[in-house]
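In: pasting the sequence and the predicted coordinates here, then a few questions.
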Amino acid sequence: MSELDLALVHALQVQPRASWSELAPLLGVTASTLARRWERLSAEGLAWVYASPGRAFSRTRCTAFVLLRCRPGTRRRLAERVSAFEEVVTVELTAPGSVDLLLDVLTPDMRSLTRFLTERLEVLPGVSATECLFATSLYAEGSRWRLHSLDSAQLSALGPAVGGVREADPSAELDHLDHALLDLLVCDGRLGLAVLAERTDTSAATVRRRLRRLTDSGVLVFRCDMAPRLTGLPVSVTFRGRVPARDLNTLHRTLAPLPECRLVAAVTGTSAVLATYWLRDIGEIQHRETALCARLPSLMITDRIVGLRTVKRMGHLLDGDGRRTGTRPMRPW
């Protein structure tokens, strides 16, 4: 991958819906060059922009991490089956150990989650056990992770990252138009206002107002994601750990700032901390664990879940190399 490709993806992580003409001066090329580069990256499944639940979601709806145990010989088949569920937004095959599949599950409320777990997930052939961890606080998640390909001057010129919540109305009811826009943007977060207006039978001005309301209130955030070929970080490890209750609110400034961090959450269960990091190789797992415990001495790591392959990430299906091959739209709102 070229340096321009990496810089383009980093810029879209900060401003996912920026126009090519806005980014061209920053990256020192023409708008048409950026458009061609992005078309190639997207077509090859190396990078993609999409809408996902924003910061208000975890406060008003239900986020859970489900640890699945499977009967021998059923893991891959089960991974494919659970990937078809819209409630399951992420599916990761893990190294043999305490967990066989690690799922991220998003639902509008606790009742919906309970029904999904008991009536659809736990009854699947091959499932031997489940453990559900409810997220009580999300201190870091994937939309805030960065590629670190732009310099400080370029980042300053881009302006503040998208996703800040400026309105105190996260529980506003969504209507048919909101849901229609969300369905389209989950598949392609860079669809223009005119295209969105045409596909939802409304005006571009209305689409602009709706998107502003949805993003400002934290209902959705736009993300730019990518395959490991771009990140250079092919190893995913999720640590489970315990800390005294008094230290939970320090997670955002102790564990989350590390550059490889993809997720830090306070969860229910005997291990109240869940933290995911993307690393360069297996050998870095021990180094990262040592660094975490040094930053937060009261942290006791209780499990290390190593991902072998991500089958689905935030609604997008991935092949064995982590390239996007399709989308199973999520509808957690």
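Out: That came through fine.
In: pull the contacting residues for L233.
Out: By Cβ atoms under 8 Å, 6 or more residues apart in numbering, the contact set of L233 is 260, 278-280. For glycine as for every other residue, the C-beta is placed from the backbone atoms N, C-alpha and C.
In: now the residue sitting nearest the centre point of the chain: closest residue in space, sequence neighbours ignored.
Out: Most central in the chain under Cα atoms, centre = their mean is G142, positioned 4.2 Å from the mean C-alpha point. Closest residue to G142 apart from its sequence neighbours, by Cβ to Cβ, 6 or more residues apart in numbering: R262 at 5.5 Å.
In: now the one helix or strand that neighbour maps to: buried residues?
Out: Counting by DSSP states H and E, the element that carries R262 is strand 261-267. For strand 261-267, burial by neighbour count (16 or more other Cβ atoms under 10 Å) applies to 261-267.
In: over to stretch 92-109?
Out: Neighbour counts over stretch 92-109 (16+ other Cβ under 10 Å) mark 92-94, 99-108 as buried.
In: now stretch 57-69
Out: In stretch 57-69, counting by 16+ other Cβ under 10 Å, buried: 57-58, 61-68.
In: returning to that earlier point: show me what the strand holding R262 is packed up against.
Out: strand 62-70, strand 127-140, helix 251-254, strand 273-279 (3 or more Cβ pairs under 8 Å, 6 or more residues apart in numbering; DSSP states H and E).
In: rounded mean pLDDT for the last one, please.
Out: Okay, so that is strand 273-279. Strand 273-279 comes out with an average pLDDT of 97.
In: and it with strand 62-70, angle?
Out: Angle between the axes of strand 273-279 and strand 62-70 is 70 degrees (criterion: axes from the mean of the first three to the mean of the last three Cα atoms, to 10 degrees).
In: quick revisit: go through the contacts of L233 and name the one nearest E44.
Out: Nearest to E44, judged by Cβ to Cβ, of the contacts of L233 is W278 at 20.2 Å.
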